[in-house]
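Peer 1: When you get a sec, could you give me coordinates for this:
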Amino acid sequence: MVQMLMTQVDVQQIMMPPIDPLEFARGTLCSMSFVDTNTAREVHVTRLQYQFDRAGIVATMAGALETLKFLREAEPLDNGYWIPTPTRVVDLSGGHCLLVGVNPTAELRRHFSSVRRAGSARVVAADAVVNLPKQSLRAWRGHDGHDASAWARTVIESAMQQFAMSVMDEGVKTFGIKTSQGATGRSQAPVWVRPGDGAACNWRGVGLFRARTGAMSPRYFLGRHRGRSFLEGPSVQEQTRMQLGLAALQNQSLTIGIETSRDAVSISLPLRAPVALRRLLVALCDAVPQSYDRKWICRTPEALPALRASLQELESTTAHE
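Peer 2: Model prediction:
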């Protein structure tokens, strides 16, 4: 009898739908921080972790909170406290908005019937949220308004006075471009080569260099290599954006692959997206596992105009499949 009861419980557990860690984090932080309609209190991470443990969620709470932070739905405070950000909408054009806030999707649907998940964020019809506060897409993404080439040019020009003679280590590589011919036409992809290689890419003699400082932590910096002399410049934080910018400045723009099917659009990037674009991809798309955030699937047609406009900032060529 005991064995039969245990079997029944196991079957029920197997049939229960899995808990979405992101929605669970939203609901937990929302309920614990609520004071009244216009006021929220901070919540300590240990209280949130306790609820995750009680729910038996295998996924770590830290990952869910980091996603909420990246989507700007919650903010970490000092000493392990978290607080939700104000609920607001971000215009995606075409009559749709992102609904940014920590309320779980099921709760939002009680007030806005058109709300739906799109990637990790939520999309809603613009005419349903006319009374909510608004934030521009550019401000929410944290984009500075510059295309890749203009940004790279500005960074390089401001670094010109910071170059100094240096010794090049054996393991130093520089960013280059590999051109290939495929079924969809000519394409350019990033490659790391030895300084002086014909594939190396630079603008006014300045290139992007990479030096290993650990097994998984390379250092990226600007430099100028001429024969046996090497001038080293400052570090580059957004190294993927610099690669895209250098390629565009040399009229060798890297290639993005876009494949359209009946119910989804697949976006294949040549390298990991810069932060401002990645925020939009995380919000509106699903990352393909083991693609290192280079391949994304969008199943929300209303999100495509904003995605296409943001992809243009990379100044890449597009290969349609």
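Peer 1: Show me the shaky parts of the chain.
Peer 2: Scanning the chain for pLDDT under 70 picks out 1-17, 183-184, 215-216, 320-321.
Peer 1: If we use 80, what do you get?
Peer 2: Along the chain, the model assigns pLDDT under 80 to residues 1-17, 58-59, 168-169, 181-185, 213-217, 227-228, 319-321.
Peer 1: Can you verify my assumption that Arg186 contacts Thr179?
Peer 2: Yes. In this structure, Arg186 is within contact of Thr179 by CB atoms under 8 Å, at 6.6 Å. (Glycine included, C-beta is placed from N, CA and C.)
Peer 1: What's the local residue count around the closest residue to Pro270 other than its chain neighbours?
Peer 2: Leaving out its chain neighbours, the residue that sits closest to Pro270 by CB to CB, 6 or more residues apart in numbering is Leu254, at 4.2 Å. Neighbours of Leu254 under the rule other CB atoms under 10 Å: 24.
Peer 1: Spit out the contact partners of Thr255.
Peer 2: 187-189, 270, 316-319 (CB atoms under 8 Å, 6 or more residues apart in numbering).
Peer 1: Look at Ala62 and give its secondary structure.
Peer 2: Judged by DSSP: H, G, I helix; E, B strand; the rest coil, the three-state class of Ala62 is helix.
Peer 1: roughly how far apart are it and Ser266?
Peer 2: For Ala62, the distance to Ser266 (CB to CB, to the nearest Å) stands at 29 Å.
Peer 1: neighbour-wise, which of those two wins?
Peer 2: The neighbour comparison of Ala62 against Ser266 (other CB under 10 Å) goes to Ser266, with 16 against 13.
Peer 1: can you confirm the more buried one is in a strand?
Peer 2: Yes. Counting by three-state DSSP, Ser266 is found in a strand.
Peer 1: what's the nearest residue to it if we skip its chain neighbours?
Peer 2: Counting by CB to CB, 6+ apart, Glu259 is the residue found nearest to Ser266 once chain neighbours are left out, at 4.2 Å.
Peer 1: again, but for Trp140
Peer 2: Nearest non-adjacent residue to Trp140, counting by CB to CB, 6+ apart: Val90, 4.6 Å away.
Peer 1: who does that neighbour bridge with?
Peer 2: Using DSSP bridges, the bridge partners assigned to Val90 are Leu98, Gln135.
Peer 1: coming back round to it: the residue nearest to Ser266 sits in which helix or strand?
Peer 2: In the assignment (DSSP states H and E), Glu259 maps to strand 255-260.
Peer 1: Sheet partners, orientation included, of that strand?
Peer 2: Sheet pairing for strand 255-260, assigned by DSSP bridges, gives strand 265-268 (antiparallel), strand 317-320 (parallel).
Peer 1: Could you check the ones you listed and tell me which one is nearest Leu68?
Peer 2: Within the strands paired with strand 255-260, the stretch nearest Leu68 is strand 265-268; the backing value is 23.4 Å (CB to CB).
Peer 1: Downstream of that closest one, the next helix or strand is which one?
Peer 2: Going down the chain from strand 265-268, the next helix or strand is helix 275-284, by DSSP H and E.
Peer 1: which secondary structure elements does that following helix contact?
Peer 2: Counting contacts by 3 or more CB pairs under 8 Å, 6 or more residues apart in numbering; DSSP states H and E, helix 275-284 is packed against helix 61-70, strand 121-125, helix 137-141, helix 304-312.
Peer 1: Would you check how far apart Met61 and Pro21 are?
Peer 2: 7 Å.
Peer 1: Mind listing the shared neighbours of the two?
Peer 2: Contacts common to Met61 and Pro21, judged by CB under 8 Å, 6+ apart, are Phe52.
Peer 1: rewinding a little: out of the contacts of Thr255, grab the one that's most surrounded.
Peer 2: Highest neighbour count within the contacts of Thr255: Pro270, with 23 neighbours (other CB under 10 Å).
Peer 1: Now do the SS call for His225.
Peer 2: strand.
Peer 1: was I right about it contacting Phe175?
Peer 2: No. Under the criterion of CB under 8 Å, His225 makes no contact with Phe175, lying 11.8 Å away.
Peer 1: what sits in contact with each of the two?
Peer 2: Counting by CB under 8 Å, 6+ apart, the residues touching both His225 and Phe175 are 200, 207.
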